[in-house]
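Visitor: Based on what follows, work out the 3D shape:
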Amino acid sequence: MAWSASGLFVATHIDQWDASNLGIDLTAETHKAAFWGSSVTPNFDTDTAYNTAPWNSGQSSGAGYTAGGPLLTGTTLAAVSGSMRWDADNIQLDNSTITAEGLIIYAPANSSRLISATWFGAVKETQDGTFLITWHANGIAALDLTP
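Guide: Numbering: from 1, shown residues only. So this is what the prediction gives:
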């Protein structure tokens with residue numbers, strides 16, 4: 001099996017809200033976005049951290065990309081019509097030669113806990129070009145908090 005969806009990593013979000021109180025600040029600009037190929041299959045229920053199985057092999061590599069991924073910048077968290085929306089600046093890797101099918105966002109300052117995964121829908125690549133991630137108009141993730 002391989003990528004087939006985007007989502008939030010449930011174990012991290014439960015630990016954020018329960019007595020574990022991870023203290024992940026979604027507006028911190030220390031989170032990273034690591035790119036991955038087709039060999040990984042996210043398990044949104046049980047995967048917990050970057051650099052642990054299955055996130056310890058299959059990371060993208062190539063010119064213009066550094067292992068661990070770029071920092072998320074311009075992060076925001078806002079209430080919009082009963083939803084909590086999390087967003088950041090788009091990611092742009094210039095002069096890159098990368099192949100990736102998705103990315104994970106994780107919190108290095110919080111034991112590299114996984115926050116979310118974004119599936120690109122298919123393998124994407126650049127050859128000495130610009131790899132651009134443009135987030136949805138509603139942000140990276142939105143939680144509808146209205147009953």
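
Visitor: per-residue confidence for the spatially most central residue of the chain?
Guide: The centroid of the chain falls nearest to Ile105 when counting by CA atoms, centre = their mean (2.4 Å). For Ile105, the model assigns a pLDDT of 98.

Visitor: how would you label it: helix, strand or coil?
Guide: strand (DSSP: H, G, I helix; E, B strand; the rest coil).

Visitor: May I have the beta-bridge partners of it?
Guide: Beta-bridge partners recorded for Ile105 (DSSP bridges): Ala33, Ser116.

Visitor: Pretty sure it sits against Lys32.
Guide: Yes: if you go by CB atoms under 8 Å, Ile105 and Lys32 touch, sitting 7.1 Å apart. All C-beta atoms are positioned from the backbone trio N, CA, C, and that covers glycine.

Visitor: Return every residue with contacts to both of these two.
Guide: Contact criterion CB atoms under 8 Å, 6 or more residues apart in numbering; residues shared by Ile105 and Lys32: Leu72.

Visitor: Assess the claim that Glu29 and Thr76 are in contact.
Guide: No: here Glu29 does not reach Thr76: they are 10.7 Å apart, not a contact under CB under 8 Å.

Visitor: any idea how far the residue nearest to the centre of the chain is from Thr97?
Guide: Distance, Ile105 to Thr97, using CB to CB, to the nearest Å: 23 Å.

Visitor: got it, and Asp87?
Guide: For Asp87 relative to Thr97 (CB to CB), the value is 28 Å.

Visitor: These two: who's more crowded?
Guide: Set Asp87 next to Thr97 and count neighbours by other CB atoms under 10 Å: Asp87 wins out with 21 against 16.

Visitor: residue contacts, that one?
Guide: By CB under 8 Å, 6+ apart, the neighbours of Asp87 are Gly74, Thr75, Thr76, Ala78, Trp135, Gly139, Ile140.
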